[in-house]
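Pasting the sequence and the predicted model now:
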Amino acid sequence: MINIVLPVDFGDKTEQLVDGAIKFAKEVNGKIHLIHIAPTDIGFAIGDMGFQYFPEVEENEIREELVQLNKLEQRIISHDVECEHLLKQGIAKDIILEYAKEKNANYIVMGSHGRSGIYDVFVGSLTKGITKSSTIPVLVLPIHE
């Protein structure tokens, strides 16, 4: 079986990315390993008292992201594609590459929003970073208009 790591961010193009990954998985008899990386600063806020940490905010956000991840997993399974998922906090690029090695991934499937140039200079591109660093083939699906 072909192992496919599929990072998701729950953005407005996630459904389109998942559809493409499902199609690819069916073509290659693949299993999808969904992964979502939650930011490490979810519960932090800046106010009059400086930095404050609210663990209940972080717990609620992670709980909601896990619900979304479970829904995506069930959607993939409903298309007769094997799937499992993982939610972690940390540096996305490093965790995705580590997870891909751990799962003996044959592919990492990422989306491209079609942004480039000045956007990459200031914000960076996770897809670009994964593509440059991965020893595993990266399938980049266009998910822009």
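Perfect, thanks for sending it. Numbering: from 1, shown residues only.

Please identify the buried residues of stretch 29-36?
The neighbour-count check on stretch 29-36 (16 or more other Cβ atoms under 10 Å) flags 30-36 as buried. Just so you know, the C-beta spots here come from the backbone N, C-alpha and C atoms, and that holds for glycine as well.

With stretch 126-135 instead?
For stretch 126-135, by 16+ other Cβ under 10 Å, it's 126-130, 134.

hey, where'd the strands end up in this protein?
2-7, 30-38, 44-47, 50-53, 83-89, 107-112, 138-142 (DSSP state E).

what helices or strands is the fifth one leaning on?
The one in question is strand 83-89. The helices and strands touching strand 83-89, judged by 3 or more Cβ pairs under 8 Å, 6 or more residues apart in numbering; DSSP states H and E, are strand 30-38, helix 55-77, helix 92-102.

Over to the last one?
In terms of contacts (3+ Cβ pairs under 8 Å, 6+ apart), strand 138-142 is packed against helix 14-28, strand 107-112, helix 126-133.

at 10 Å what do you get?
strand 2-7, helix 14-28, strand 107-112, helix 126-133 (3 or more Cβ pairs under 10 Å, 6 or more residues apart in numbering; DSSP states H and E).

now the longest one
With contacts taken as 3+ Cβ pairs under 10 Å, 6+ apart, strand 30-38 sits against strand 2-7, helix 14-28, helix 55-77, strand 83-89, helix 92-102, strand 107-112.

Serialize those to a markdown table and add fields for mean pLDDT.
Listed next are those as a markdown table, based on pLDDT from 0 to 100:
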| stretch | mean pLDDT |
| --- | --- |
| strand 2-7 | 98 |
| helix 14-28 | 96 |
| helix 55-77 | 83 |
| strand 83-89 | 93 |
| helix 92-102 | 96 |
| strand 107-112 | 91 |
